[in-house]
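Q: Need a 3D model of the sequence below.
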Amino acid sequence: MRIQLLVLNEGPMKGKAVKLPVREFLIGRDPACHLRPNSGLVAPRHCVVRVFGPSVSVEDLGSAAGTTVNGERVRGKAELRVGDRIGVGPLLFEVSVEKPAPARQIVEPTDDEAAAMLLDDEDAEADSRGAGDSKASQ
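A: Residues are numbered from 1 along each chain as shown. Predicted coordinates for the structure are as follows:
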């Protein structure tokens, strides 16, 4: 299960998926944070989203503006579920599960199709040799 946060704020980032590639994903303005929003309402180390197996939680790290889950201020740590909304200062995210890429199905050509492809390649080679011969004779 790969958790991501979808940006819900209006603007060019709306709908963008923020992937959580580590178990403890820090949000804040500090250079050590994984996501660094450029807002004075976001603390240097605002909150951390933790992913351990099937469990996902968010913990406010003592920010003045606070962290919310579905509009309720987080006191300490809160468990998260898919569809929950996390507020970080002026930012709003939705917890989502990254959809795996569709499996590519390999289709083997039939014997007739393989033979036709080989013949097409041989015809193309013959055409290119013939074109070179006609130029040489001019």
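
Q: what's the pLDDT at the spatially closest residue to Cys47 that is not a sequence neighbour?
A: Closest residue to Cys47 apart from its sequence neighbours, by Cβ to Cβ, 6 or more residues apart in numbering: Thr67 at 4.4 Å. Any C-beta I mention is one placed from the backbone N, CA and C, and that applies to glycine too. Note for Thr67: predicted pLDDT of 97.

Q: List the contacts of Thr67.
A: With contact taken as Cβ atoms under 8 Å, 6 or more residues apart in numbering, Thr67 is in contact with 46-47, 58-60, 73-74, 86-88.

Q: Please repeat the previous calculation with a cut-off of 7 Å.
A: Counting by Cβ atoms under 7 Å, 6 or more residues apart in numbering, Thr67 touches 46-47, 58, 60, 74, 86-88.

Q: now swap in Arg29 and tell me
A: For Arg29, the contacting residues are 36-37, 42, 44, by Cβ under 7 Å, 6+ apart.

Q: 10 Å instead?
A: Contacts for Arg29 (Cβ atoms under 10 Å, 6 or more residues apart in numbering) come out as 35-46, 89.

Q: Asp30: how many residues sit nearby?
A: Asp30 has 13 neighbours, counted by other Cβ atoms under 10 Å.

Q: swap in the one 10 residues further on?
A: Other residues within reach of Gly40, judged by other Cβ under 10 Å, total 10.

Q: What is the burial count for Lys77?
A: So Lys77, with other Cβ under 10 Å, has 13 neighbours.

Q: Once you drop chain neighbours, what's closest to it?
A: Excluding the flanking residues, the one nearest Lys77 by Cβ to Cβ, 6+ apart is Glu59, at 4.3 Å.

Q: Good, we can wrap up now.
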